Structures are given as C-alpha cells and as structure tokens.
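1. Got a sequence here, can you model it:
(one chain, ligands or ions: 1)
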Amino acid sequence: MFQVTPERPGDLPNIEKLLDQSFGTDRLQTRVAYSLRLDVAPLPDLCFVMRGPNFLCASIRYWPVLIDGDKPCLLLGPLAVGQAWRGGGLGKILLGHSLARAKVLGHNAVLVIGDPEYYQPFDFTADLAANLILPRPVAPGRFQGCELIPGSLAGMSGTVAPAPQ
Ligand SMILES: CC(C)(COP(=O)(O)OP(=O)(O)OC[C@H]1O[C@@H](n2cnc3c(N)ncnc32)[C@H](O)[C@@H]1OP(=O)(O)O)[C@@H](O)C(=O)NCCC(=O)NCCS
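-> Modelled structure (predicted):
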C-alpha cells in the first residue's frame, strides 16, 4: 500500500503541510537544525517520501554540512510521518532506506538532532557528536552522529555549519 519514492517537485506543498503539523509553523525560527539549512538546498538524491495511492504520508531529507570548515558530512532531517500513520513503522522504513542509499552514494557520516531512543537502533550515538559544536546548544543526548564509513566521525571536533552550494 505504501511506497518509498524520491521526492518530486510537486510534493513540496504536501511536505510543507506535513512539516507544519509535525514541527510547527515557527520551526525556521525555533529549531537549531533549521539554522544549518539556511540558504542551502536538501540533497535531491537523499530526499524521499512515503506515498499511498493518492496521498503523501511521510518525508525525509538530508542536507550538506561542513565540520570544522572543510569536512563534509550529512545532516539528517526533518523526518516526519503524518499523524494518521504514526506508529506503523513508516518512519523506520524511510530512515533505513535513506541511510542505506547514503552509504551506497559514498557519504561518510550523518548527524541528527533528535530523540536518542529513536535513532540508536540505526547506530547513532551522542558520543560521536560530543566534540562538534552546533550554532546553539541542544538538550543533552539529542545531537548524535552515525558513521557510514567506519572511523569517519570518531575524534572529530569543531563547528558544524551549512555547506555552501
Ligand atoms: C518520530 C516519527 C518520525 C516516528 O515515525 P513513526 O512512523 O511513527 O515511527 P515508527 O512506526 O517507525 O517507529 C515506532 C517506534 O518508534 C518509537 N518512537 C516514535 N516516536 C518516537 C520518539 N519521538 N522518540 C522515541 N521513540 C519514538 C515508538 O515508540 C515505536 O517503538 P517500538 O517500535 O519499540 O514500538 C513520527 O512520530 C513523527 O513524525 N513525529 C513528529 C515529528 C518528529 O518528531 N520527527 C522526528 C524528529 S527527531
């Protein structure tokens, strides 16, 4: 019934509605992750949606960031599942699918700001992001990293900033 497909330009209005419901209409001002996406486009190869026959029920995106000025990395998010479909495994399917794709495309590591319980099963840990500095601090444990190439994030330190495109 549900299918993971690449995001299409025509999906934008429905994705915006989904994000309004999930993160609020003030998300650009209030959420730290959005300050890392200013003036940067999401990576088209890593933007996926989950759709039914004639509706869109979930979305995931990834953005390019730089650590310490010159080390590329992915920033995951937002991940959102429509209220009507939550708890049915769609979020985890989108997460697994997109991370596998990021690995195939040769990306080295992924950062996320989110609930640790949700991301830990996908090998995200706060330890890997412990020496990375966000534009503003977030609650302990929420800033996490995951290595797609072993050793790519361990020992890294410095600021995280949007990658110019
Ligand atoms: C978080 C979200 C993406 C999860 O998607 P989903 O399709 O409902 O989740 P899934 O069905 O794949 O996974 C369900 C499991 O995750 C857990 N879970 C769901 N939301 C969670 C959260 N915010 N924190 C921790 N665990 C969570 C559930 O308890 C459930 O656990 P179980 O498998 O042990 O029963 C969805 O609830 C959502 O869009 N929330 C609003 C936006 C948001 O918070 N996005 C994530 C940013 S970090």
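
2. what does the lowest-mean-pLDDT helix or strand in the chain rub up against?
-> Least confident helix or strand, the chain: helix 27-30 with a mean of 88, by mean pLDDT, DSSP states H and E. By CB atoms under 8 Å, 6 or more residues apart in numbering, the residues outside helix 27-30 that reach it are Leu19, Gly24, Tyr34, Pro78. To be clear about C-beta, it is placed using only N, CA and C from the backbone, and glycine gets the same treatment.

3. Pull the number of nearby residues for Val40.
-> Using other CB atoms under 10 Å, Val40 is surrounded by 16 other residues.

4. What pLDDT does the model give it?
-> You'll see Val40 listed with a pLDDT of 94.

5. Count residues in the vicinity of the closest residue to it other than its chain neighbours, would you?
-> Excluding the flanking residues, the one nearest Val40 by CB to CB, 6 or more residues apart in numbering is Pro162, at 4.6 Å. The number of residues packed near Pro162 is 17, by other CB under 10 Å.

6. distance of the residue nearest in space to the middle of the chain from Leu36?
-> Residue closest to the average C-alpha location in the chain (CA atoms, centre = their mean): Leu76, at 1.6 Å. Separation of Leu76 from Leu36 (CB to CB, to the nearest Å): 11 Å.

7. What segments of the chain are strands?
-> Using DSSP state E, the strands assigned to the chain run over residues 3-6, 48-51, 56-67, 71-81, 109-113, 132-133, 143-147, 158-162.

8. Neighbours of Asn108, how many?
-> Close neighbours of Asn108, defined as other CB under 10 Å, add up to 17.

9. if I pick it, what's in contact with it?
-> Applying CB under 8 Å, 6+ apart, the residues near Asn108 are Pro72, Cys73, Glu147, Leu148, Ile149, Ser152, Leu153.

10. redo that, cut-off 10 Å
-> Lys71, Pro72, Cys73, Leu74, Ala102, Glu147, Leu148, Ile149, Pro150, Gly151, Ser152, Leu153 (CB atoms under 10 Å, 6 or more residues apart in numbering).

11. Next: Tyr118.
-> In this structure, Tyr118 makes contact with Leu79, Gly91, Lys92, Leu95, Val112, Phe124, Gln144, judged by CB under 10 Å, 6+ apart.

12. For the ligand, tell me which of those residues show up nearby.
-> Restricting the contacts of Tyr118 to those near the ligand by CB under 6 Å from any ligand atom leaves Leu79, Gly91, Lys92.

13. Could you pick out the residues of the protein near the ligand for me?
-> Checking the chain against the ligand by CB under 6 Å from any ligand atom, the hits are 22, 79-81, 86-92, 114-115, 117-118.
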